[in-house]
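Enquirer: Sharing a model that was predicted from the sequence below.
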Amino acid sequence: MKVVRFHAPGDVRIEDAPEPTPGPGEVKIRVRNCSTCGTDVKIWRFGHHHIDPPRVMGHEVAGEVTEVGAEVTGWQPGDRVQVIAAIPCGRCDQCRRGRMTVCPNQESIGYHYDGGFAQHMVVPAKVLAVDGLNRIPDGVSFAEASVTEPLACVLNGQELARVGEGDDVVVIGSGPIGCLHVRLARARGATRITLVDLNRDRLDMAAALVAPDATVCAAETDPVDAVLKLTDGAGADVVIIAAASGAAQEQALQMVGRQGRISFFGGLPKDKPVIALDANLVHYRELTIVGANGSSPAHNKAALQLIASGAVPVADLITDRLPLENALEAFDIVSRGAGIKVTIEP
């Protein structure tokens, strides 16, 4: 079979590999779609401290069960499935307290285990142990199901930021995650959603798909001034930074209103993780600042149902479909921001 395998920063190869065999507690799937994200591009360029190469990449996986290992019950060949990416241990204190997104023993598909940029993949027993293999509902395509994992991360972020009915929401960053934030905020009852980006072309492409109530190109207009004008000076209820930008995080503090919530959804570069924060703004305006780190198995189940119900449409966000042999082209599209969601179809 063909795989996309990481060997070293800048060295990702399309290679032949033997088909894997499921062991006890494992399930083998025929991968039908594995979508890409910015993390794949970062791994391609810089590697990752959790990856011991060579490693098959890809963590936004949907496919069809072809074989089940010993001791596996409830699954059979032909079942259509979506696979979680982040695998909590399910046993530590954080997991027992329901905080699976911050499990200190967390492992990941495409990092610790071979991932979905392959024609066939074995789902580890640890995934099944935490109920991380999900049946794809009828009417949901494999491509749509592959967007479950990023939507699950977005759902975690909006739950932490308490996005809800009547909120005035600003989303900074118009990539696939920003688009999913707009769609989910709408589904959760936000009254007005403003999408902000520095890149005019990318902003216009995203806005044409997800139809925010307002857009702000931060290269042309001061985004803080723009948001304050849109809100008659009150500021937004929620600001979500879906970009790796310290400047955007600092701007969020200036554009959020009293008792507002700020989500630091995008992590910052490891060499520049520190921002300037006016603590008095947080104090006197009673602001809440939250991080968001991945998703739990429960978030994946909920996200898949949001897609299936039509509450959060994702099919139109998939702008590019490429075969496995063109994976490096897919990474290039993502790195240039030339598409929204780019999926690989092995």
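Expert: Thanks, I have the structure now. Treat the numbers as computed from the prediction; the structure is a model and nothing was measured.
Enquirer: what about Leu180, how many neighbours?
Expert: By other C-beta atoms under 10 Å, the residues close to Leu180 number 29. Placement of C-beta: from N, CA and C, glycine included.
Enquirer: Then Gly337?
Expert: Count around Gly337 with other C-beta under 10 Å applied: 17.
Enquirer: ok, it - contacts?
Expert: 175, 199, 202 (C-beta atoms under 8 Å, 6 or more residues apart in numbering).
Enquirer: What pLDDT is listed against it?
Expert: pLDDT recorded at Gly337 is 92.
Enquirer: go on, the one 4 residues further on?
Expert: For Lys341, the model assigns a pLDDT of 97.
Enquirer: Output stretch 294-312 in CSV, but only the C-alpha positions, please.
Expert: Output of stretch 294-312 as CSV, limited to C-alpha atoms (Å, rounded to 0.1, in the frame of the first residue of the first chain):
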residue,chain,number,x,y,z
GLY,A,294,-7.8,19.6,21.3
SER,A,295,-10.9,17.6,21.9
SER,A,296,-12.2,14.6,23.9
PRO,A,297,-13.9,11.4,22.5
ALA,A,298,-17.2,12.9,23.7
HIS,A,299,-16.5,16.1,21.6
ASN,A,300,-15.9,13.9,18.5
LYS,A,301,-19.3,12.2,19.0
ALA,A,302,-21.1,15.5,19.4
ALA,A,303,-19.3,17.0,16.4
LEU,A,304,-20.2,14.1,14.2
GLN,A,305,-23.9,14.6,15.2
LEU,A,306,-23.7,18.3,14.5
ILE,A,307,-22.5,17.5,11.0
ALA,A,308,-25.2,14.7,10.5
SER,A,309,-28.0,17.0,11.7
GLY,A,310,-27.0,19.8,9.4
ALA,A,311,-26.5,22.2,12.3
VAL,A,312,-22.9,22.7,11.2
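Enquirer: Go through that stretch and flag the buried ones.
Expert: 294-304, 306-308, 312 (16 or more other C-beta atoms under 10 Å).
Enquirer: what about that stretch, average pLDDT?
Expert: Mean predicted confidence for stretch 294-312 is 98.
Enquirer: same deal with stretch 44-51?
Expert: 92.
Enquirer: Kindly report the same for stretch 197-204.
Expert: In the prediction, stretch 197-204 has an average pLDDT of 97.
Enquirer: Off-centre distance for it?
Expert: The chain centre lies 20 Å from the centre of stretch 197-204; the measure is C-alpha atoms, centre = their mean, to the nearest Å.
Enquirer: One more: stretch 114-129?
Expert: How far stretch 114-129 lies from its chain's middle: 18 Å, per C-alpha atoms, centre = their mean.
Enquirer: go on, stretch 245-263?
Expert: Relative to its chain's centre, stretch 245-263 lies at 21 Å (C-alpha atoms, centre = their mean).
Enquirer: Can you check the distance spanned by that stretch, start to finish?
Expert: Across its full length, stretch 245-263 reaches 12 Å end to end, with C-alpha to C-alpha, to the nearest Å as the criterion.
Enquirer: Going by neighbour count, which residues of the helix or strand of the chain with the lowest mean pLDDT are buried?
Expert: Lowest by mean pLDDT, DSSP states H and E among the helices and strands of the chain is helix 38-46, with a mean of 93. For helix 38-46, the neighbour count (16+ other C-beta under 10 Å) marks 38-44 as buried.
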